[in-house]
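> Could you work out the structure for the sequence below:
(chains A, B and C)
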Amino acid sequence: MRLQRADFSGPTQRVARRLLGCFVCHRKGGELKRGRIVEVEAYTDDAASHSASGKRTPRNRIMYGPPGFAYVYFTYGMHHCLNVVSESDGLPGAVLIRGLDEIEHAAGPGLVCRALHLTIRDNGRDLAADPDLWIESGNRKRHERVVQTTRIGIRRAVDLKLRYYLLGSPGVSKRDREAEAELLGARGS
DNA sequence: CACACGATGCGCT
DNA sequence: GCGCATCGTGTGG
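Residues are numbered from 1 along each chain as shown, chains lettered A, B, ... in the order given. Take a look at the predicted model:
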């Protein structure tokens, strides 16, 4: 079932957790690409976010718009990254999709876009209405634990634990053994 | 207009 | 663990 506008409109951290286990779907050229979200990061108004300056720019403007839109940007001269816009219209917020299962080789944000055939041209598409790009709810299995830890590849706000991933999923780009041990150790006590 | 650098991935050490 | 490809974007002159 397709996620609706309201599913994206909450606080970014909540939307991030919600997206774990859901499916990104992209129909292009008669072909359907579909991957299960297993790793995400939350970006709002912290120092590492593209909205850190507090100002809208041509690049980050989608982050400031209504929730449920795709924010795709180009980086390192060769990679694209997919975000799902969160929060309400006027407030910046987005969830970076960092890893997918059930699709070939999509452990890492650049690989996610490569696997789904998404580019900068897909920036600004409405995931709640676009006929060819959407997110489906997914049933998370009870045994699948969510690891919460620090984000990857940033220089600022490195201590914030705003990355979430499904423990044991092959599509996770970088594991945090310490966080995993802590999670498992806390089980049942 | 110039320039520094990045929400990365890959190959080599 | 480290270096580098490669270019759009933001910032400052």
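
> what packs against the longest strand along chain A?
Looking across chain A with DSSP state E, the single longest strand is strand A:31-43. Judged by 3 or more C-beta pairs under 8 Å, 6 or more residues apart in numbering; DSSP states H and E, strand A:31-43 is in contact with helix A:12-19, strand A:23-28, strand A:94-101, helix A:109-116, strand A:163-166. C-beta here means a position set from N, CA and C on the backbone, and glycine is covered the same way.

> same thing but at 10 Å, please
Where contact means 3 or more C-beta pairs under 10 Å, 6 or more residues apart in numbering; DSSP states H and E, strand A:31-43 is packed against helix A:12-19, strand A:23-28, strand A:79-85, strand A:94-101, helix A:109-116, strand A:133-136, strand A:146-149, strand A:163-166.

> Highest mean neighbour count out of these?
strand A:94-101 (a mean of 27; mean count of other C-beta atoms under 10 Å).

> Around DNA strand B, pick out the residues from chain A.
With C-beta under 7 Å from any atom of the strand as the criterion, chain A comes near DNA strand B at residues A:41, A:43, A:48-51, A:63, A:71, A:75-79, A:81, A:83, A:94, A:96, A:108-112, A:151-155, A:173.
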